[in-house]
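1. After the sequence you'll find the predicted model.
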Amino acid sequence: MTSIAHVAVIGLGYIGLPTAAILAEHGLQVTGVDVNAQTVAAVRAGTVPFVEPELGEYVSRTVARGTLTASTQTPSAEAYIVAVPTPFREDLSPDLSFIESAGRALAPTLSGGELVILESTSPPGATERLAQVIQQERPDLATSGDLKFAHCPERVLPGSVMRELVENDRIVGGVTTEAAEAAAELYRTFCRGEILLTDARTAEMTKLVENSFRDVNIAFANELSVICAELGINVWELIELANHHPRVNILQPGPGVGGHCIAVDPWFIVDAAPESARLIRSARQVNDAKPGWVVDQVKARAYDVLQSTGRPPVVAALGLAFKKNIDDLRESPAVAIVDALARQLSDSQILAVEPHVDRLPPALTGHPGVTLADGRDAIERADIVVMLVDHDDFAALQEVAASKPVVDTRGLWAKRQSSPRS
Ligand SMILES: NC(=O)c1ccc[n+]([C@@H]2O[C@H](COP(=O)([O-])OP(=O)(O)OC[C@H]3O[C@@H](n4cnc5c(N)ncnc54)[C@H](O)[C@@H]3O)[C@@H](O)[C@H]2O)c1
C-alpha cells in the first residue's frame, strides 16, 4: 500500500486528466493542475474538455465526492505526476520547456521527501533534467538527497484510456531504486497490469522504442507500396502472400503516418544518437515522404484528365480522419494530402468525403475549391478518386468508382488478386 495520500497531477490533457480521475476514484486526494484556466474551470465543474469515453463519469463522480479538485496553481503534495506536452522543435530536437516550467512551478511547494513522476513521453535523460531543474530551484533540498524522481511512460490507446489505464502493464523507471519502488506503489493503487521496475533512462527509451518499432515497420510497408507501384505489382496481394510465411508479418501501407506519438517519438531517439539512429531516421523520412508521393500520383492522373478533356479534373478525396472509423482529424496525413492537392491543383474542385464530421477542419476551410461532400455523389462527379482512409462506409462504394482512375492508399478496393500470366 502506498503511504501517499495527496497527489498533484500537472497537465490535465488526454493523459493527465484520466490519471488524476482514476487516482481520485481509488480514494487518493488529487489536485489537477493546468496552466489553461478553461481546462481547470471545466474540471472543477465536473466536466471533461475533450472526448474520451467513460472519463466524464469518473470526473463528475470524483469532483462531486471531493477527491478530485483542480487549480492553476501547483499545491503542496506528497507526489507529483507531470503529464505536460513534449513536442519537437523545428530542428527536430525535443522541446522540454513545458517539463522545465512544470518543475519550476512545483519546486517552491516541496518540503523534502516528495516523489516526482514524469509521465510525458520524453527523450533519455529528461527525468534527470527535471530533477536538475527542481534541485537548482531548491538547493536546500538538493543536498539532503531525499527527493525521489521517476519516469512512468503512458501507452494508453485514445478511446480506451479508462480501461487501459487499469489493465496495461506499466514500466516504472527510477532515478534511484527507492524512487522506482515508491512510484510503483502509487500505480498499484489502480493498475492491475504488471508493474516492471527499471532505471529512468531505460523507461524513457522503452516508450520511444515502442513507437519507433511501429514507425519502422510501417515505413517498410510504405516503401514496398512505392516500389510496387514502379514495378506494376499489387502491393496488397504481395503483402498478403508474403505474410503466409510463418515468421513474416508485414504491416499495411497507408498515405503516411499521423498522430502525435508515432510521428514524433522516433525523432527523440534520432536527436539522442544522431550518428547511430540511421534506420529510425530513414523510417521517419520514408513515412514523411509518403503524403507527397500520393499527391504526385493524383497529379499524374490529373494531367491525363486535363490532356484528354481540356479541363481541370474534379477529385473525390475519400476520408480525412487520422485512421479508420473515427472522427479524429488531428495530424492526419489525409488532411495534409487534401491541403497539398488544393494548393497544387488550384483550378480543380476537390470533394472531400468524411462521414464522421459535419464541417471541414481549419486547415482546409481557406481553400475555395475544397468542399465537404457525400461519398456516392462525390465519386459520381469526380474524374479521379483518391482513397485516403479505409472507413467501413467506403467499402460499398467501389462499384460507383469502377470506371474512374483510383489512387487507393489503403488497399480497401485494391486488394484484388492479380491473374497469373499465361
Ligand atoms: N495523448 C496520448 O494518446 C498520449 C499517449 C501516450 C503518451 N502521451 C504523452 O503524454 C504527454 C501529455 O500528452 P497529452 O496528450 O495529455 O497532451 P495534452 O496537450 O492533451 O495535455 C497537456 C496539458 O498540459 C497543460 N500544460 C502545458 N504546460 C503546462 C504547465 N507548465 N503546467 C501545467 N499544465 C501545463 C496544457 O494546458 C494541456 O492541458 C505528452 O508527452 C505525450 O506525448 C500522450
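-> Ah, there it is.

2. Leaving out sequence neighbours, find the closest residue to the residue of the stretch 301-422 of the chain found nearest the ligand.
-> For the stretch 301-422 of the chain and the ligand, the shortest gap (Cβ to the nearest ligand atom) falls at Arg330, measuring 10.0 Å. From N, CA and C alone the C-beta is placed, and that goes for glycine too. Distance criterion Cβ to Cβ, 6 or more residues apart in numbering; nearest residue to Arg330, sequence neighbours excluded, is Phe322 at 6.4 Å.

3. first vs last residue of stretch 317-329, how far apart are they?
-> 14 Å (Cα to Cα, to the nearest Å).

4. what residues does it touch?
-> Under the contact criterion Cβ atoms under 8 Å, 6 or more residues apart in numbering, stretch 317-329 has outside partners 158-159, 258-259, 330-335, 337-338, 341, 350-354, 356-357, 361, 364, 375, 378-379, 385-392, 394, 397, 410.

5. at 6 Å what do you get?
-> 258-259, 332, 334-335, 338, 350, 352-354, 356-357, 361, 386-392, 394 (Cβ atoms under 6 Å, 6 or more residues apart in numbering).

6. Get me the contact residues on the stretch 151-300 of the chain for the ligand.
-> Glu154, Val156, Pro158, Cys261 (Cβ under 6 Å from any ligand atom).

7. Could you list which of the contacts of stretch 317-329 belong to strands?
-> Ile350, Ala352, Val353, Val386, Met387 (DSSP state E).

8. ok, the second one to Ala316 distance?
-> Yep, that's Ala352 we're talking about. Note on Ala352: its distance to Ala316, by Cβ to Cβ, to the nearest Å, is 8 Å.

9. cool, and the first one?
-> Applying Cβ to Cβ, one obtains 8 Å for the distance of Ile350 from Ala316.

10. ok, Thr67 touching Leu23?
-> No - under the criterion of Cβ atoms under 6 Å, Thr67 lies out of contact with Leu23, with a separation of 8.3 Å.

11. Check whether the residue nearest to Arg330 sits in a helix, strand or coil.
-> coil (DSSP: H, G, I helix; E, B strand; the rest coil).

12. for Asp215, same thing?
-> helix.

13. what's the neighbour count on it?
-> With neighbours defined by other Cβ atoms under 10 Å, the count for Asp215 comes to 23.

14. And for Ile250?
-> 16.

15. and the closest residue to the ligand within the chain, how far is that from Ala221?
-> Residue of the chain nearest the ligand, by Cβ to the nearest ligand atom: Gly13 (1.7 Å). Per Cβ to Cβ, Gly13 is found 30 Å from Ala221.

16. gap between the two ends of stretch 391-398?
-> End-to-end distance for stretch 391-398, by Cα to Cα: 12 Å.

17. ok, and what's touching that stretch?
-> Contacts for stretch 391-398 (Cβ under 6 Å, 6+ apart): Leu318, Gly319, Lys324, Asn325, Pro355, Gly375, Ile379, Leu412, Trp413.

18. Dump the helix or strand of the chain with the lowest mean pLDDT to PDB, restricted to CA.
-> Every helix and strand of the chain was ranked by mean pLDDT, DSSP states H and E. The lowest is helix 139-142, at a mean of 86. Extracted in PDB, the C-alpha atoms of helix 139-142 (Å, rounded to 0.1, in the frame of the first residue of the first chain):
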ATOM      1  CA  PRO A 139      19.400  23.800  -3.300                       C
ATOM      2  CA  ASP A 140      18.300  23.400   0.300                       C
ATOM      3  CA  LEU A 141      16.600  20.100  -0.700                       C
ATOM      4  CA  ALA A 142      19.100  19.000  -3.300                       C
END
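
19. helices or strands next to it in the packing?
-> Helices and strands in packing contact with helix 139-142 are not found; criterion 3 or more Cβ pairs under 6 Å, 6 or more residues apart in numbering; DSSP states H and E.

20. next helix or strand past that helix?
-> Downstream of helix 139-142, the next assigned helix or strand under DSSP states H and E is strand 148-151.

21. Check which helices and strands that next one sits against.
-> strand 115-118, helix 126-137, helix 177-188, helix 200-231.

22. tell me the most buried of the ones you listed?
-> strand 115-118 (a mean of 28; mean count of other Cβ atoms under 10 Å).

23. Return the distance of it from the chain's centre.
-> Computed by Cα atoms, centre = their mean, to the nearest Å, the chain-centroid distance of strand 115-118 equals 23 Å.

24. just to revisit the earlier point, check the residue of the chain closest to the ligand and give its pLDDT.
-> pLDDT for Gly13: 95.

25. quick one: the helix or strand Phe98 falls within near the ligand?
-> If you go by DSSP H and E, Phe98 is part of helix 97-106. Yes - judged by Cβ under 6 Å from any ligand atom, helix 97-106 comes into contact with the ligand at Phe98, Ser101, Ala102.

26. Present those as a markdown table; the columns should include pLDDT, distance to Pro123 and neighbour count.
-> Below are those laid out as a markdown table (pLDDT from 0 to 100; distance: Cβ to Cβ, whole Å; neighbours: other Cβ atoms under 10 Å):
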| residue | pLDDT | distance to Pro123 | neighbour count |
| --- | --- | --- | --- |
| Phe98 | 98 | 13 | 18 |
| Ser101 | 98 | 17 | 14 |
| Ala102 | 98 | 16 | 25 |
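
27. Pull out the buried positions in whichever strand or helix holds Leu341.
-> Element membership for Leu341, per DSSP H and E: helix 333-344. Of the residues in helix 333-344, Pro333, Ala334, Val335, Ala336, Ile337, Val338, Asp339, Ala340, Leu341, Ala342 count as buried by neighbour count, 16 or more other Cβ atoms under 10 Å.
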